[in-house]
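Undergrad: Sequence first, predicted coordinates after that:
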Amino acid sequence: MVDEYLALDVLRGQWPEGLPEDDLLGLPVTHHYRLLQRVHQPGTGRLSRILAGLSDAGRDAVRRPHPDIVQVLDPRPLVDQAASIGARYRTGGLLMTETLAAGLAHRRALYFGSEDNVGRRFAEIAADLGIAITVLAS
Amino acid sequence: MVSMSVGEELLEERRRRRRAGDPRLNEADREILRRVTRGDLQAEFQAALDADLAADPLLGGHEPAGRA
């Protein structure tokens, strides 16, 4: 499972060193949703101006990643376990609970592209669930 | 010459395809995404991701500003 950073790195052809080559690269739908916010709800800042420069085809690659490269995960098989994690750890954020459920379902391994994208509480719960978090930089 | 099994050959082809990234992205697109994840726009990108969670209780819950 990868986060927004690694999904974009892989899409642009920069394979992060240490990312398993033969595993499914799954992007939880809540993480994809945050990428889509950048595409569909541009603000007035510099990031929005620069992202507006993506070609139509490039924007489409972010909106609908090719499943051979990055697979946006179907949330339906994960949502029950996500709700269970939320209840047990008294945390309600779907991004956090869906990501942890995805980690449990897929080899107990989560890969992030930036330390800044891993919250303290998330890391605590992941450790309790036996899910390994690896931060990779391209 | 080292011969590969069909399985290894197919896996290697898949690795090559994945390593090349999405062919829909042109060079300018790739540079934009590099700036977002690894360059001068990274801090803004992270701030935008955090803001999404702070603005959406379903997504972010009640955790302090937003990371996974």
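TA: All right, it came through fine. Only a predicted model underlies this, so the values are computations on that prediction, with no experimental measurement involved.

Undergrad: since we're on B:Leu11, how many residues are nearby?
TA: When counting by other Cβ atoms under 10 Å in any protein chain shown, one arrives at 14 neighbours for B:Leu11. The way it works is simple: take the backbone N, C-alpha and C, and place the C-beta from them, glycine included.

Undergrad: again, but for A:Pro67
TA: Residues lying near A:Pro67 (other Cβ under 10 Å) number 11.

Undergrad: sec struct for it, please.
TA: A:Pro67 carries the three-state label coil when classified by DSSP: H, G, I helix; E, B strand; the rest coil.

Undergrad: what's the pLDDT at it?
TA: Per-residue confidence at A:Pro67 stands at 93 (pLDDT).

Undergrad: What distance do you get for it to A:Leu25?
TA: 9 Å (Cβ to Cβ, to the nearest Å).

Undergrad: what's around A:Pro28, how many residues?
TA: Applying other Cβ under 10 Å, we find 29 other residues in the vicinity of A:Pro28.

Undergrad: List the contacts of it.
TA: The contact partners of A:Pro28, by Cβ atoms under 8 Å, 6 or more residues apart in numbering or on different chains, come to A:Met1, A:Leu73, A:Pro75, A:Leu78, A:Leu95, A:Glu98, A:Thr99, A:Ala102.

Undergrad: Touching, the fourth one and A:Ala101? I think so.
TA: Yes: checked against Cβ atoms under 8 Å, the pair A:Leu78 and A:Ala101 is within contact range at 4.2 Å.

Undergrad: sorry, back to before: among the contacts of A:Pro28, which are in helices?
TA: When DSSP state H defines the helices, the subset of the contacts of A:Pro28 inside them is A:Leu95, A:Glu98, A:Thr99, A:Ala102.

Undergrad: May I ask which of the contacts of A:Pro28 has the most neighbours?
TA: Neighbour max across these (other Cβ under 10 Å) = A:Leu95, 29 neighbours.

Undergrad: hang on, isn't that residue packed against B:Gly60?
TA: Yes: A:Leu95 is in contact with B:Gly60 according to Cβ under 8 Å; the separation is 6.6 Å.

Undergrad: Of all residues in chain B, which one is nearest the centre?
TA: For chain B, the residue sitting closest to the mean C-alpha position, by Cα atoms, centre = their mean, is B:Thr37 at 8.0 Å.

Undergrad: Quick one: distance of whichever strand or helix holds that one to the chain centre.
TA: For B:Thr37, the enclosing helix or strand under DSSP states H and E is helix B:27-38. When C-alpha coordinates are averaged (Cα atoms, centre = their mean, to the nearest Å), helix B:27-38 and its chain have centres 11 Å apart.

Undergrad: How much space separates the spatially closest residue to A:Leu95 that is not a sequence neighbour from B:Asn26?
TA: Nearest non-adjacent residue to A:Leu95, counting by Cβ to Cβ, 6 or more residues apart in numbering or on different chains: A:Thr30, 4.1 Å away. Distance from A:Thr30 to B:Asn26, counting by Cβ to Cβ: 28 Å.
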